[in-house]
Each structure stands twice: as C-alpha cells, then as structure tokens.
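**Student:** Coordinates only, no sequence provided:
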C-alpha cells in the first residue's frame, strides 16, 4: 500500500488495518502502522480518533522507541484532535529530565507543529520559565529544536519572553567562541550553523535590546561573524557560512546598529557582489537592496554603483533583476543621470522579459530626478525609440503633459520630435508622440530649415501607410493643426489635406470617420478655425500615473524587511496582507487593494455639512470654497472633503478657531492626543512620545503598541512625496472588530489612506499604505485617529504621524565657493533670519553635528573658519516650489553651551521661519508636561482665514473642536 501511494496513486482502502497496527505490541508491526497512517491519512480522517488512546499510551509509556514513533506521527499529521488530547503529554515529555535527548528533541518538534497548526488549542501560558530552562540545555539537538519552538512563540507574543533574550545571546556567544561544541554538530568547521540562524531569527522578533551589557555582547558576536566570513572554494562551507552571515545582516538592520557597523556590512556585501559564484552575487545584491531601508547607508552603497551596473550584464536573469531593483532603489538626484543612461544602454540588449519593467523604472527615475525638463524629454524619446513595444501609453502621455505645461520646453521638444521622424523606421509610439508635438508646437519651428508647414506635413504623412488604425486619428488631428497654423493659407497644402479628409470620411472606423468629417467641415470655416483648433490648455497638476502603475505592479521583494519575511513564513496560515496582487492578475476575495475615496463638488460638500460629520475610514482634507475645481478627473481621484459638524452657532465657531491655536504643532509635543471623552481601559506599552521621536529620525519602527495590537510604520521619502505603510498587527487569538482609521492632515500635507478593513483576523497583519505629498513648508503634524474593539474594550488613540518637516529635506554638500555667494545673496529678513537661542541642551559640538545630520542637514566641517561654529546645508522639496537650498550657521560659545546664535537662510520667507523654529525646537530642552498651550511659538506672518466657514473646512480646526 505504501509503495502504491509513493507511485502517486490514491489509496482508499486498508486504512482501518493500518490504524489497527498502531496498537500492535511488536515493533515491526507498530512501525509499519505509524508510517502508513502518517502517509495515507490526513488530520480530518475519522479513523484517527480511534488511535488517539493508543498513541497517548505510547507517548506516556517508558518505551523510548514507541515514544519516538508516536511523536513523529503526531508531528506529521498535527490535527486539532491530536492537539487537544496530546499537547499536555507532549509538553511534559519535553521538560522531563528523565527522558533521553532524542525523545525530548522529537517532543519539541512535535509541540512546534501542534502550536503552528492550532495556536488557540495548545496552551503555552506560563511557559516563559520553562523555555528559559530549555535554552540552558547543553545538548545541541534539544537546544536546536527548542529554539525552533521559541521562534514560533515569540512571533506570536514577544512581550512574554523577554527573559529568553539574554539566553539567546549567551547561546550565540557559546557558538561564536566554539565552546563545548561536539564534533557531530560542527559543519565544515562552523559550529551548528542551523542553531545560529534560528537564534538570530528569534532575536529579530524583539523590538529592541535595552540592557547595555546584553547589547554589547550581541554586537561583539555579530562583529565576529561579519569579520570571520569569507568566500572559499568549498560550496557546502560557503552555503553554511553565508546562511549565518545573511541572518546576522538582517539582525544588524533590525537593531539599528551604529553607522560604522552598517558601513562594514555594506562593504562586505560589496565584496560579495564582485565574486564569480552566482548564488553569492544574488544574495549580495538582494541584501544590499534591503540595506536601502536603513538610514544613512545609501551614500555608502553608491560607492559600489559601478559593480552593480556590471551585474546588469550578468548571464543569469535573476541577478540582472536584483541589480535592476537595487539601482532603482538607490537612485536619487545625485546619480540619476548616470543610472538612467546605463539603463538606456542596457535596454538595447535586455531580453524581452525585462524590457517592460526596465522601461517603466527608467521613465519613473527620469521623471522623479530630472535635473531639467529637456533631459527628461531626451530620455523618454530615447526610451520610445529603443523599446517602443514595451513603452505604455502612460509614458508618452506624461511627456505631452510636461511639454504642454512648460512653454520654454515646447520648441525643444518639437525639434527633437522632428529629428526622430527623419529616421527611416521608427516605432508607432514615436509616430504618435512626434505627430502630437509637431501638431501643437510645430509652428514654433517655422523659421528653421526643413520645418515649414508643408515639410512637416510631408514627413508626417510618409508614416501614415505604416501605422495602425488607432494612430490615424492622432495624425488627422495633426493635419488639422498644421492647416490652422499655416498663415497665409497654402492652397496646395490645403488641397492635399482636404483630399485626405475626403478619403477617410467613408472609413469603417467610427472614430476616424467622425474626425475626418468634422475636420473637413471646420477647415472650411476660415478665420473661426483659429478659435476652434487653438492650442490645448495646460493640464492640471496631478500625481503621476507612472508612479501609481509601478506601485501596483511592482513585486515587493526589495522593500520587504527581514522581519516581515519571517512573519510570513511563520504565520502564513493566518496572515492577511493588503495591497498585493497575485501573479496572474486575478484578485482574491480577501485581498484589499488601494482604494481612493473620491472628492465631491462644492454643493455636495455643503450637503454633507448639513448632514453631519462622516465617520467612515478615509481622510479629512481642506477644501477651498472659493474656486471649484475644473479638473473632473482630478475630482474623481482627489481626497474626500468633509466639512464641519452642523448646528454650530457663531460662538462655537469662534471657539473652534481659538482652540486651533492651542493644538501643539511641533514634534516635541506628545505623540498621542488625549480626548476628554476618551476612557480607555487599555494602556499602551512603552512611551508613545519616545516612539514618535524615534520615528522622526528613522523611517521604520513601532508607532503604537498595547496588549491587543501593534501599529508599525515603514516609510520611504523621495523629494516632496512619501509612501508610508502602516502595519496593523493583531497580537491575540481573537479578531479585532470595529476598526476605524481616519487621517487628520494639516493644510500643508495631502495624504491619501487606503481602505482599512473593519476586522483584523487573529494573529494577522494588515498593511495600509498612505501617499503623502508636501504642499508647502510647515511644522504641523498629521494625526491618525485610530480605534478598534476587542471584547468589551473600545480603544481609541490619536497618534501623531512622523511626516515632519525634515522628511522633505535632502542633505547636500556644498563647497566654500558655492556656499558664500549664496549666503551673501540672501541678505536680511525675511529670507535670512537670525536668533540668539537660550536654554539649549548642553552637548559637545560633535554631538550637535550628528544631531543635525540625523535631521538631514548636511554639516560641512571646516567651512567656517571658527572651529566653534557649524555650517549646514540641505535642499527642501515641496509641490508648490522648486527645490529650495537652505543654509544654516550655528555660532556656539565654548564657555556657555546653553546658548548659541543661529542664522537660517533660504529663498522662501516661510521656509526660513519654519526651518529656524524647527531646529530651535530640537535644540531647546522644554519638558512636555510643563509646556503651556499659550507658550506655543508664534506662527510666521502669513494671513490666515478668519471667516467661520473657512475655519470649519480646516482639518486642524476640526481636530481642535474634537479635542
């Protein structure tokens, strides 16, 4: 029967006989019964209930051989009935001191299987001390199995197992120093690599290590692993040592190690991506991509840019894909030109499987980091020329939008399009974009040789026989535009174009026929043609469709942290992940995609104000009541607009406006906003304010945690845009219901939140992406109004999101030749503000420089002749202004570190004021509990709306009313 099953046939007979063999007294018969039962029966088979008592007798018996057979079968099947009946006996067997290590090892693995399959049935309450005792086990087999069990337990609830953390570090120390490691557990000279990997994986589930001695010991072990790993000729040794090394790298990233160790990790990975072994190169590129999530290492990774570009030419396509992901992630304004040019060169030789992804990423990088728009036009036209079949319509639509909105760019773009039409064979997408640009802006080239209307028509008309019917309407529009711009009219050209219109007036395609008829009739109107076929108006500014498309189609590999990967591996049976699509493009029933709530017109907003404040999951955003939007598409894709509550008189409106002044708007304020009506019986774990301050300096971490839920954040900031992902993790075996999340953004931020599910399943994690756009400089902070229900407890928390001013800064290094002319050109208020700051936290000059660097202000040492002064520079990005250079000078007094003189300069008065106040808030130590509401820093001299109706549409005022 077993042989028939191994051949792949279904065996639906003999099940009862196999189960009955389990109760046989002799070993050969019992062994056959256990093996056949494990293979043929699943956990829901009715016959298994008949064998539970026999299996239990074998487990609690004294025959070690029978115990091992029973534990192996229970672990393989792992049904709910087995878990309810046998889990307590397996637990006793694991902690028994009279059992041999072989039995205890199988007991640990059996309990791990039962816990993974039925976490709500297996009772592990009070197992903290027992797990700590198991980690002191000297037998490495039992210790390895116990460590696997610990990984499952801490992934479910790490708070209960803090006492196991020092034991894990001691285990790593023991292995790193090769103390008392039996020879049978040494693999190619590496002491038990499996146990090292499991131990470091367990440590990644603890958010941080507070004890300085334990942290120092752990970093010494990690340093030894990093220094002692090298590439050798033996493949088996390489596999084992690199498994340990890459787990150590994941742990170093998780613990936010010092910059020196991070630099060492990047240098080690740089050495790996240069070796000949393809597996090592692949792992090096993949882990270097993960290192991009760590703050302050991107500049170090850039040193290996040449080697990463070389990997694009590797024979292995998986290595080429990882190199492409890494180049895409490490690109910024400083190296965008080099990377995009390399991608364009590689596009000519890339295989078809990669060209679409390659084209999309090159177009996105060119758009996000273009030094000037003419370079952007050159890149996109080259992209269309080299990979036209793989360039989507969104790419050339975006080029047309940029050219239409920038008058200085129009002659250049038209001239480049004219050059590409001279080629004997061009792609149809190039015909579309060239015809459109020359139709709209070809008249700007009329005085250049070869660019008269007749010549433009002739060269475009040559392409007409080679294009598909979908392109012909664009060409007909171009002919009508050329005819309109030809002044005085050219009879010969007019007759040629009319002949084409006549030809297509009987076309079977309705679109072509309609255009031909209408253009033919319009072209006979004479002077009125100029008004009807005038230039297209400027497109309204909106988020790039390319970036949206990349976020929808991009496979989340590089941006997935090690902890998230581990959680998916351990809890795959109960994990809910949002905003991810299956490979075949068919959405499953439980997946949650990014949903944007449409905005409403002014009348609809007024109706909503009459009906009351909506409590649906979404966003509160400010609506300008004066100018209704003319952009229908923008209205459909814009944020939801909600006005204030009904029935408020003038006095209450004045209270709301005055309450707005009392809302703290600095990152020093508490990260959770108290509400008078809020009576939470559930207390948060740890200091919420400290978590918020930490996230102001880094881009990933825990924002809020209580006994039922953990809210984590992972963010990526590029120029004036940011993508923030909220990780909502249910820590319990019961679902969280009535989950609501509303973003209360300040007026200077535009935030879009995806749909938040009403229920979070047990031990599941939900991702909720946010798109953040910075409109103008301000220190106001967005608030997340989050609530859920667990049992009878209704929990509500208002958490400040770390989308603060420094997230939209990009440090830039300037030389003395660049700094001083800019400094002198910004003379006096309001572009240059100076203030003597008192009450500064005393700190050495080096610590102050490190503080500035952590806030993305690049300190330039040696630029100021006075060694007691600091000079810093950065670039500020917002949607309403061009990238703005900011210069900062700090003059300190060595005799009195509690005061200094600060000078801030930029090209925008509001930015100068806000940045000065922001830096001052970081330097001055003011206890939050003593901060008076009336002592808030005065706002810059910007006119504020004073009408009550305007106050009600401001989300900040509404938040003040709620408070």
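**Tutor:** Everything's here; your move. Since we're looking at a predicted model, the values are computed, not measured.
**Student:** Okay, now stretch 312-320: how far is its last residue from its first?
**Tutor:** 5 Å (CA to CA, to the nearest Å).
**Student:** Tell me the buried residues in it?
**Tutor:** In terms of neighbour count (16 or more other CB atoms under 10 Å), stretch 312-320 has its buried residues at 312, 314, 319-320. For glycine as for every other residue, the C-beta is placed from the backbone atoms N, C-alpha and C.
**Student:** Of these, which belong to helices?
**Tutor:** Residues of the buried residues of stretch 312-320 located in helices (DSSP state H): 319-320.
**Student:** Okay, helices next: where are they in the stretch 101-250 of the chain?
**Tutor:** Under the criterion DSSP state H, counting those that start in this stretch, the stretch 101-250 of the chain contains helices at 101-117, 128-134, 140-156, 164-176, 193-203, 212-228, 235-254.
**Student:** what about the stretch 501-650 of the chain, any weak spots by pLDDT?
**Tutor:** Residue ranges of the stretch 501-650 of the chain with pLDDT under 70: 526-528, 543, 547-650.
**Student:** What lies in contact with stretch 163-180?
**Tutor:** With contacts defined as CB atoms under 8 Å, 6 or more residues apart in numbering, stretch 163-180 is touched by 128-129, 131-132, 135-136, 138, 143, 147, 150, 154, 181, 186, 191-192, 195-196, 199-200, 202-203, 206, 209, 211, 214, 217-218, 220-221, 224-225.
**Student:** which among those end up buried?
**Tutor:** Neighbour-count burial (16+ other CB under 10 Å) applied to the contacts of stretch 163-180 gives 131-132, 135, 143, 147, 150, 154, 181, 191-192, 195-196, 199-200, 202-203, 206, 209, 217-218, 221, 225.
**Student:** What's the separation between residue 379 and residue 7?
**Tutor:** Remark: distance between residue 379 and residue 7 (CB to CB, to the nearest Å) = 58 Å.
**Student:** Please say which of those two ends up with more neighbours.
**Tutor:** Taking other CB atoms under 10 Å, residue 379 and residue 7 do not tie; residue 379 has more neighbours (23 against 8).
**Student:** contacting residues around the closest residue in space to the more buried one that isn't next to it in sequence?
**Tutor:** Of all residues not flanking residue 379 in the chain, residue 366 sits nearest, at 4.2 Å (CB to CB, 6 or more residues apart in numbering). Counting by CB under 8 Å, 6+ apart, residue 366 touches 336, 340, 375-376, 379-380, 383.
**Student:** Give the buried subset of those residues as a ChimeraX selection command.
**Tutor:** The ChimeraX command for the buried members of these (criterion: 16+ other CB under 10 Å) is given here:
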select :336,340,376,379,380,383
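**Student:** would you list the contacts of residue 366 in a markdown table and tack on distance to residue 540 and secondary structure?
**Tutor:** Formatted as a markdown table, those follow (distance: CB to CB, whole Å; DSSP: H, G, I helix; E, B strand; the rest coil):
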| residue | distance to residue 540 | secondary structure |
| --- | --- | --- |
| 336 | 26 | helix |
| 340 | 27 | helix |
| 375 | 24 | helix |
| 376 | 19 | helix |
| 379 | 24 | helix |
| 380 | 21 | helix |
| 383 | 25 | helix |
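**Student:** quick one, strands of the stretch 851-963 of the chain?
**Tutor:** 858-859, 869-876, 884-893, 896-906 (DSSP state E, counting those that start in this stretch).
**Student:** Nearest to residue 489, out of those?
**Tutor:** Set against residue 489 and scored by CB to CB, those come closest in strand 884-893, at 48.8 Å.
**Student:** List the buried residues for that closest one?
**Tutor:** For strand 884-893, burial by neighbour count (16+ other CB under 10 Å) applies to 884-890, 892.
**Student:** List the pairing partners of that strand within its sheet, with orientation.
**Tutor:** Sheet pairing of strand 884-893 (DSSP bridges) gives strand 869-876 (antiparallel), strand 896-906 (antiparallel).
**Student:** Please produce a markdown table containing these, extended by mean pLDDT, mean neighbour count and distance to residue 687.
**Tutor:** Formatted as a markdown table, the strands paired with strand 884-893 follow (pLDDT from 0 to 100; neighbours: other CB atoms under 10 Å; distance: least, CB to CB, whole Å):
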| stretch | mean pLDDT | mean neighbour count | distance to residue 687 |
| --- | --- | --- | --- |
| strand 869-876 | 90 | 21 | 29 |
| strand 896-906 | 87 | 18 | 26 |
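**Student:** Just put those in JSON lines and tack on distance to residue 292.
**Tutor:** Shown next, in JSON lines, are those (distance: least, CB to CB, whole Å):
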{"stretch": "strand 869-876", "distance to residue 292": "20"}
{"stretch": "strand 896-906", "distance to residue 292": "29"}
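**Student:** pLDDT weak spots in the protein?
**Tutor:** For the chain (pLDDT under 70), the answer is 179, 295, 526-528, 543, 547-681, 925-963.
**Student:** Could you pull up the contacting residues of residue 10?
**Tutor:** So residue 10 contacts nothing (CB under 8 Å, 6+ apart).
**Student:** returning to what we had before: tabulate the helices of the stretch 101-250 of the chain (CSV), appending distance to residue 329.
**Tutor:** Converted to CSV, the helices of the stretch 101-250 of the chain look like this (distance: least, CB to CB, whole Å):
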stretch, distance to residue 329
helix 101-117, 33
helix 128-134, 38
helix 140-156, 27
helix 164-176, 30
helix 193-203, 24
helix 212-228, 22
helix 235-254, 14
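**Student:** What ranges does the stretch 651-800 of the chain have for its strands?
**Tutor:** Ranges of strands within the stretch 651-800 of the chain are 700-705, 709-718, 721-730, 737-744, 749-753, 765-774, 783-790, 793-800, based on DSSP E, counting those that start in this stretch.
**Student:** looking at those, which is closest to residue 56?
**Tutor:** Of all those, strand 721-730 sits nearest to residue 56, with 33.3 Å by CB to CB.
**Student:** Direction-wise, compare the closest one with strand 737-744 and give the angle.
**Tutor:** Strand 721-730 and strand 737-744 are oriented at 160 degrees to each other (axes from the mean of the first three to the mean of the last three CA atoms, to 10 degrees).
**Student:** so how far is strand 721-730 off the chain centroid?
**Tutor:** Centre-to-centre, strand 721-730 and its host chain are 7 Å apart (CA atoms, centre = their mean, to the nearest Å).
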